[in-house]
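Asks: One predicted model, sequence on top.
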Amino acid sequence: MISQSNMRIVNTRERNHSDKEQSYVIEIEESDGIIASACLNIENERGEVVEFKSIDVNEDHSKEILFYELDKLAFKKKVETLTFPCTYTQFPVDLRADSNDHFLFGHGWSNQTNQHVFLFDGIKMANDQWLKNQFLSNDYTIDSVLTLTEHEKQEISTGLDEWYPARFHPLHYQTMGKNSLVLRHKGEVIGWCITCVAGQNILLYDNLFVKKGYWNMARSISLFGKALQIQLSESPIRYVSFTVHGDNIPLLKIIKKRSMSYIVDYQNLKVYVKKISGIGE
């Protein structure tokens, strides 16, 4: 199907069709060739926008055309929900992310997922004084997760969805790093740091949690700092990886202020979502 918009040609073609999945390519052309394109994969009334590309100097205008055509095609194919996954690599500010946010939020999209995935040089990080400082009073202790008693494990299991969400359950891991720790206050379990091997020479800090009422950044930093010290003293693994959710602004500010020189790799993973309602053809 070919249409024309302000002297730009829009070409929509089917790329793949099966009983379970359909795939379409939308391209915007000018006299010099294709300036923007995207692919829409459709399965079970859900559509995913992938392979978005643009070389247009006036990118917002080509986006307007492209995403209008995506909406129109989704409506025609009875798609109920569109998703658009994006990856950004500049921290702390990625101008492409800011531009996409501004455009998509203004066109009925919302943010379903927003995660910042960091890879740090653990040796450089551990030498920084702010991670060596002692922020805990004598009422707090940090011990190996292996010190959890059966009674404490039962209390943790009972507390699921009461004082911590399922995402932070510390007992579902099949394997843990040797530096996985538990934080106690006057003998009561109030937090933990769970690690696991994520690849060659990388340790993933997958689960850092402090109970509401006890949480502050200093206690989280103390827990993380202790785990990092153990990692570097008792294992050959050099690198540290962890994910920060997009709404954790305080931690992102600390990373920006304290840890920029340790970042080896960074990705901001966003998934935008849009419900398709009646759209005129």
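Replies: Now that the structure is in, tell me what you want to look at.
Asks: Can you give me the separation between Phe105 and Tyr272?
Replies: From Phe105 across to Tyr272, the span is 9 Å (Cβ to Cβ, to the nearest Å). (Each C-beta comes from the backbone N, C-alpha and C, glycine too.)
Asks: Comparing the two, which shows the higher neighbour count?
Replies: Relative neighbour count places Tyr272 above the other of Phe105 and Tyr272, with 21 against 12, counting by other Cβ atoms under 10 Å.
Asks: Which strand residues bridge that one?
Replies: Taking DSSP bridges as the rule, Tyr272 bridges to Phe84, Asn111.
Asks: Contacts only, for it.
Replies: Listed by Cβ atoms under 8 Å, 6 or more residues apart in numbering, the contact set of Tyr272 reads Thr83, Phe84, Pro85, Cys86, Asn100, Leu104, Trp109, Ser110, Asn111, Gln112.
Asks: How many residues are close by the closest residue in space to the fifth one that isn't next to it in sequence?
Replies: In this structure, Asn100 finds its nearest non-sequential neighbour in Cys86, 6.3 Å apart by Cβ to Cβ, 6 or more residues apart in numbering. Other residues near Cys86 come to 18 when the count uses other Cβ under 10 Å.
Asks: what do you get for Tyr24?
Replies: Tyr24 is flanked by 22 other residues according to other Cβ under 10 Å.
Asks: returning to that earlier point: go through the contacts of Tyr272 and name the one nearest Ile123.
Replies: Comparing the contacts of Tyr272 against Ile123 with Cβ to Cβ places Cys86 closest, at 31.9 Å.
Asks: who's in contact with the closest one?
Replies: Cys86 touches Phe52, Ala97, Asn100, Leu269, Lys270, Val271, Tyr272, counting by Cβ under 8 Å, 6+ apart.
Asks: Show me those residues that map onto strands.
Replies: The strands, defined by DSSP state E, take in Phe52, Leu269, Lys270, Val271, Tyr272 from the contacts of Cys86.
Asks: Show the buried residues in these.
Replies: With neighbours counted by 16 or more other Cβ atoms under 10 Å, the ones in strands among the contacts of Cys86 contain buried members at Phe52, Lys270, Tyr272.
Asks: which one of those residues sits closest to Ala218?
Replies: The closest of these to Ala218 turns out to be Lys270 (Cβ to Cβ; 29.7 Å).
Asks: what about the closest one, distance to Glu21?
Replies: 24 Å.
Asks: what ranges do the strands span in this protein?
Replies: Going by DSSP E, the chain shows strands at 2-5, 8-17, 22-30, 33-43, 46-54, 81-88, 110-121, 140-144, 181-185, 188-199, 202-210, 239-245, 263-275.
Asks: Pop the domain breakdown of this protein in here.
Replies: Listed by automatic domain parsing, the domain ranges of the chain are 2-114+270-275, 118-269.
Asks: rank those domains by mean pLDDT and give me the bottom one.
Replies: Between the domains of the chain, the one with the least mean pLDDT is domain 2-114+270-275; it has a mean of 90.
Asks: Figure out how far stretch 125-142 is from the centre of its chain.
Replies: 27 Å (Cα atoms, centre = their mean, to the nearest Å).
Asks: Give me the contact list for that stretch.
Replies: The contact list for stretch 125-142, computed with Cβ under 8 Å, 6+ apart, reads 181-186, 218-219, 221-226, 228-229, 232, 240, 258-259, 262.
Asks: Any chance of a PyMOL selection covering the buried ones in those?
Replies: If you want just the buried ones from those in PyMOL, going by 16+ other Cβ under 10 Å, the selection is:
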select buried, resi 181+182+183+184+185+219+221+222+223+224+225+226+228+232+240+259+262
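Asks: Turn the contacts of Cys86 into TSV, columns for distance to Gln174.
Replies: Below are the contacts of Cys86 laid out as TSV (distance: Cβ to Cβ, whole Å):
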residue	distance to Gln174
Phe52	37
Ala97	35
Asn100	37
Leu269	24
Lys270	30
Val271	27
Tyr272	33
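Asks: farthest-separated two in the residues you listed?
Replies: Spatially, the most separated pair among those is Phe52 and Leu269, at 15.0 Å (Cβ to Cβ).
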